[in-house]
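Undergrad: what's the 3D shape of this:
(chains A, B, C, D, E, F, G, H, I and J)
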10 protein chains.
Amino acid sequence: MADPKILETFPNPAPQRDFLIEHTHHEFTSLCPMTGHPDFANITVRYVADKTCVELKSLKLYFHAYRNEGIFFEAATNQICDDLGAALQPRSLVIVADWKARGGFSSRVTAEWIQPSD
Amino acid sequence: MADPKILETFPNPAPQRDFLIEHTHHEFTSLCPMTGHPDFANITVRYVADKTCVELKSLKLYFHAYRNEGIFFEAATNQICDDLGAALQPRSLVIVADWKARGGFSSRVTAEWIQPSD
Amino acid sequence: MADPKILETFPNPAPQRDFLIEHTHHEFTSLCPMTGHPDFANITVRYVADKTCVELKSLKLYFHAYRNEGIFFEAATNQICDDLGAALQPRSLVIVADWKARGGFSSRVTAEWIQPSD
Amino acid sequence: MADPKILETFPNPAPQRDFLIEHTHHEFTSLCPMTGHPDFANITVRYVADKTCVELKSLKLYFHAYRNEGIFFEAATNQICDDLGAALQPRSLVIVADWKARGGFSSRVTAEWIQPSD
Amino acid sequence: MADPKILETFPNPAPQRDFLIEHTHHEFTSLCPMTGHPDFANITVRYVADKTCVELKSLKLYFHAYRNEGIFFEAATNQICDDLGAALQPRSLVIVADWKARGGFSSRVTAEWIQPSD
Amino acid sequence: MADPKILETFPNPAPQRDFLIEHTHHEFTSLCPMTGHPDFANITVRYVADKTCVELKSLKLYFHAYRNEGIFFEAATNQICDDLGAALQPRSLVIVADWKARGGFSSRVTAEWIQPSD
Amino acid sequence: MADPKILETFPNPAPQRDFLIEHTHHEFTSLCPMTGHPDFANITVRYVADKTCVELKSLKLYFHAYRNEGIFFEAATNQICDDLGAALQPRSLVIVADWKARGGFSSRVTAEWIQPSD
Amino acid sequence: MADPKILETFPNPAPQRDFLIEHTHHEFTSLCPMTGHPDFANITVRYVADKTCVELKSLKLYFHAYRNEGIFFEAATNQICDDLGAALQPRSLVIVADWKARGGFSSRVTAEWIQPSD
Amino acid sequence: MADPKILETFPNPAPQRDFLIEHTHHEFTSLCPMTGHPDFANITVRYVADKTCVELKSLKLYFHAYRNEGIFFEAATNQICDDLGAALQPRSLVIVADWKARGGFSSRVTAEWIQPSD
Amino acid sequence: MADPKILETFPNPAPQRDFLIEHTHHEFTSLCPMTGHPDFANITVRYVADKTCVELKSLKLYFHAYRNEGIFFEAATNQICDDLGAALQPRSLVIVADWKARGGFSSRVTAEWIQPSD
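TA: Residues are numbered from 1 along each chain as shown, chains lettered A, B, ... in the order given. Predicted structure coming up:
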């Protein structure tokens, strides 16, 4: 499984305002856990930073780590949401994953991060 | 008529959050009940899962079963809404059917599932 | 003038829910009442049915009847709204008419039906 | 300056309802007041008529009258808004002007008419 | 760093209404502060003017001044927001920066200006 | 049938060179001779003028005259080719008619004019 | 298998010239002979008629007859080419079949008819 | 009429090879000589330079000079071809003028320059 | 390296004519041999079959085998050309590989198969 | 001026065939030598390699070196053609430069390399 420790951060340059950051990765690929066939997606990370922002190169490496993982659309989207939420502790965070056509279907999974209660 | 028993499910991997799943099938086809001519549609299934998610291959087979059915746009959309609502018991569910051009018209039918009261 | 008696209906297959039906006709044409030149439009009929739905072939014939009528954009859109409202007695109804480029202009007229008070 | 007296009107054919009329002119051109170079725009007039509608050919001639006027984007948009508001006394009116690329920029100016208080 | 004194203004021609001005610059380029490689963006300045509007040629020169600056996406967007806010003292102001694809990512950063309290 | 006498011409302004003129009419409509339903086409007239060019407004009126004619795609295209060839006596002439979708088909008919031998 | 006797013809209205007829059917569907899953294609029939032209409604019915046939892309394209060549005896004929995405592939098969020697 | 003396040139930087230069002006506008209504075109100048290249700013001013000229499509295209041929004495030159939609038509006129024989 | 023995064939259904088969794979991915980063391409196989056609599912598996291979654009395209040429012994064969944007570049490599002389 | 020594090469992996390589750089920018304003272009390098291929990262750095150079469109395109021809000694080479809109113009310059005779 992709190791969230790959994710690096840098200090939010404008913590005085709530500004929105959206990164869309156009080259996400993983494997179908049932058939082993490749899946492809565009993944958007949309968040309002609190103390830290995610460094883009490390985010790329984190996504690359899914390349040979067998994982369902729904589970991958939620895993990414959990990992980025934990790493960034953002004011808000949404993951939108647009899975490309497979078997006549295209799919989108959208998950919003909730600060876990202790 | 397409048998909703074809539909298979798997457990929701993130029941702790309300996340949105959208599957769009680009290859739906049925027959016009009046003329027997083929109709074509893109069908979107948009839902928030509760305990289960719909398995994509079974959803494809369910849609394929309409191939030689004579059914009106409005009736097909509502039938799909009823069948998926019954199979998934979702937190919410909307079906959007975009019917391709026929006789100079394109059509969209949108139906939202309501938990039937007993 | 197009005779609204051309419009045929069939029973709403799912009256238990408010679902949205949209039909877009891509081949509407009428005449400019001032110059006699042809006008072209895409006309969308968007409604929530109550007891009846409009039958698509009869709707096409109703639109064809405008082919040689001289009528302004604003009047045609409102006439269609009145005729379909009277024929369907829908829970709600909106007509959107997108008139193609003429003299460097394109135009859209949008009218919402209101149940006439007696 | 374009003379608003060019604008002609005709009676609203459906004053009993608030319906929306949008005319987009794709061929607006004026001059930059600083350099004399031509500017080009798409101008949308979006309004709910009260007693009168604007006649389209007169609107075209009104727009043509800006062809050799030197005027800033912001001033032209507001001038059009004032002139059409005064001529139509509409229930509501918005002007949207999309100015084409100049010096690496495209611009949009949006102005809403307010009934002047006496 | 781009000097905000480059920014010139002219008097708002219609201060009696809140109208929206949007300028999109399609040719913004700066440098990545880590690798020195060029970054490219479309930058939209969306504001409601109070007493003054920004003059477009000076805005272009202000953006050109970033050409050889090394600066992160998040910091550049906020810097532009601060500089334009200070220069215009607008009724409202939003900066939207669409950064072109780099390493398989495209990014958007959106910042809204807040009048600093003294 | 559309009367070719509607077609007007003006003298070729550059008879010393073979230059190409292409006019595409986006609003051609006629009727299906079997069902009476409307057909729509884009018609391109592509020619090298000899002594005369076709006047555009008269070409529009010539095309409008097909509005209520029942005629097959293949016959209409050849009729237009014959009429324009006779009226212009061009150095060369091709008609391309792109018929819009009907019954799941779109169609293109292309005819090149040949100077009839006497 | 689709019966080529469904195909009807009418006399070529302009046999004196070689003019090109192209019909594109956007709703072709057949079945994969290995998996039984539906395939979809756009099929273009491009020909120069000799004595007869194909009647469009009969061509549609001929294509509809493939709906439940299991047939490979390459075989279907050649079968259509053979059937239309035999029915029309055209001066020339090409079939272009654009098969929609399946398993990450889209495919095009192009076959030109050759008059069989006896 | 636009004065060809506006056109300025600079020395061809690579006269040792035949290389192709294409400039497309997206903002050409003139007037219809019959109605006085504005016409709009994209004009492409495509040439192989011999001793000189056309300077782009002077080409823009040359095109701007047509703004208030009444001239037919065919005549304007040939005039531009003659003027640029005379000014540049190129190895080859083609003018392509794409006139925007007017009265349901769009038009293209293409003229190739021929070195006048003395 | 992808093993060409994965490739399966079936008999050409129409060896009597030279017909063209084109398969475009939209999901090719391999690795950069210098950085290890993923590359993505659309690969088109365009050929005239002689005795055999390539079976599509086996072609997909052959392409999937490049997923974790480090290989340059130019080498991969030529390797695919060699392997398919050897497997099919076609009358003609071209491979077109469209490599997606990396470092501000997109690339296309096109290779035509030549029957090796013994 | 960009130093062609930046360009690195690697051995052609398939010198036995003439195959085509096309690299399009979407991020070329230089300065106008007259005004100092930035210019932007897509530059395509299309060649048949002989002994060597150009390494893509070095090509990017070569293009980046134009960032602060003042150079005309025509001169830049020919300079790139000369430098790549000298570095690669290719079997054939064409440079196509698509310069983005400036002053209402877009431009394309196309140059083919000729092996200099000694």
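Undergrad: what does chain A put close to chain B?
TA: With the criterion set to Cβ under 8 Å from any Cβ of the partner chain, chain A comes near chain B through A:34, A:72-75, A:77-78, A:81, A:101-112, A:114. Heads up, the C-betas are built off the backbone N, CA and C, glycines and all.
Undergrad: show me where chain A has strands.
TA: A:9-11, A:20-31, A:38-48, A:52-54, A:92-102, A:105-112 (DSSP state E).
Undergrad: on that earlier part again, are any of the residues of chain A next to chain B buried, and which?
TA: A:72-75, A:77-78, A:81, A:101-112 (16 or more other Cβ atoms under 10 Å in any protein chain shown).
Undergrad: tell me how far A:E27 lies from E:G104.
TA: Plainly put, A:E27 is 4 Å away from E:G104 if you go by Cβ to Cβ, to the nearest Å.
Undergrad: the residue nearest to A:T52 when sequence neighbours are not counted: how many residues sit nearby?
TA: When the adjacent residues along the chain are set aside, A:T52 lies closest to A:T9, with 3.7 Å between them (Cβ to Cβ, 6 or more residues apart in numbering or on different chains). By the criterion of other Cβ atoms under 10 Å in any protein chain shown, A:T9 has 16 neighbours.
Undergrad: any residues touching stretch A:15-22, and which ones?
TA: Residues from elsewhere that reach stretch A:15-22, judged by Cβ atoms under 8 Å, 6 or more residues apart in numbering or on different chains: A:44-51, A:53, A:91, E:73-74, E:77-78, E:81, E:107-112, E:114.
Undergrad: for chain A, name the helix or strand with the lowest mean pLDDT.
TA: Within chain A, no helix or strand scores below strand A:92-102, which has a mean of 93 by mean pLDDT, DSSP states H and E.
Undergrad: can you pull out the low-pLDDT segments for chain A?
TA: A:1, A:118 (pLDDT under 70).
Undergrad: chain neighbours aside, what residue packs nearest to the residue nearest the centre of chain A?
TA: Nearest to the geometric centre of chain A sits A:I80, at 4.0 Å (Cα atoms, centre = their mean). Spatial nearest neighbour of A:I80, chain neighbours left out: A:I95 (5.2 Å); criterion: Cβ to Cβ, 6+ apart.
Undergrad: spit out the contact partners of the one you found.
TA: A:43-46, A:77, A:80-81, A:84, A:110-111, A:113.
Undergrad: swap in A:H23?
TA: Residues in contact with A:H23 (Cβ under 8 Å, 6+ apart) are A:44-45, A:54, A:56, A:59, E:105-107.
Undergrad: quick check: residues of chain A near chain E?
TA: Neighbours of chain E within chain A, by Cβ under 8 Å from any Cβ: A:10, A:12-14, A:16-27, A:49, A:53, A:56-57, A:59-60.
Undergrad: repeat that with 7 Å
TA: Proximity of chain A to chain E, by Cβ under 7 Å from any Cβ of the partner chain, involves residues A:13-14, A:17, A:19-27, A:53, A:56-57, A:60.
Undergrad: so how far is A:A97 from A:I114?
TA: Look at A:I114 and A:A97: by Cβ to Cβ, they are 18 Å apart.
Undergrad: now do the contacts for A:A14.
TA: A:A14 sits next to E:78, E:111 when contact means Cβ atoms under 7 Å, 6 or more residues apart in numbering or on different chains.
Undergrad: go again with 10 Å.
TA: Contacts for A:A14 (Cβ atoms under 10 Å, 6 or more residues apart in numbering or on different chains) come out as A:49, A:53, E:74-75, E:77-79, E:81-82, E:109, E:111.
Undergrad: hmm, back to that, so what's the residue nearest to the centre of chain A up against?
TA: A:2, A:4, A:25, A:28, A:43, A:45, A:59, A:62-63, A:66, A:93, A:95, A:97, A:109, A:111, A:113.
Undergrad: try A:Y66
TA: A:1-2, A:28-31, A:39, A:41, A:43, A:76, A:79-80.
Undergrad: restricted to buried residues, select these in ChimeraX.
TA: Here is the ChimeraX command that selects only those of the contacts of A:Y66 that count as buried (16+ other Cβ under 10 Å):
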select /A:2,28,29,30,31,39,41,43,76,79,80
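Undergrad: rewinding a little: what touches both of A:E27 and E:G104?
TA: Common neighbours of A:E27 and E:G104, using Cβ under 10 Å, 6+ apart, are A:42, A:60, A:63-64, I:37-38, I:40, I:100-102.
Undergrad: now the residue of chain A found nearest chain G, nearest residue through space, not along the chain?
TA: Proximity of chain A to chain G (Cβ to the nearest Cβ) peaks at A:A101, 5.8 Å away. Counting by Cβ to Cβ, 6+ apart, G:A101 is the residue found nearest to A:A101 once chain neighbours are left out, at 5.8 Å.
Undergrad: again with A:H37
TA: A:L31 (6.9 Å).
Undergrad: kindly report the same for A:D3.
TA: Nearest to A:D3 is A:A65, by Cβ to Cβ, 6+ apart, at 6.6 Å.
Undergrad: quick one, phi psi at that neighbour?
TA: When read as degrees, to the nearest 10, the backbone of A:A65 gives phi -70, psi -10.
Undergrad: what does A:D18 give?
TA: Main-chain dihedrals, A:D18, degrees, to the nearest 10: phi -80, psi 100.
Undergrad: A:A14 now?
TA: phi -140, psi 60.
Undergrad: how many residues are close by the closest residue to A:I114 other than its chain neighbours?
TA: In this structure, A:I114 finds its nearest non-sequential neighbour in B:R17, 5.8 Å apart by Cβ to Cβ, 6+ apart. Residues contacting B:R17 under the criterion other Cβ under 10 Å number 14.
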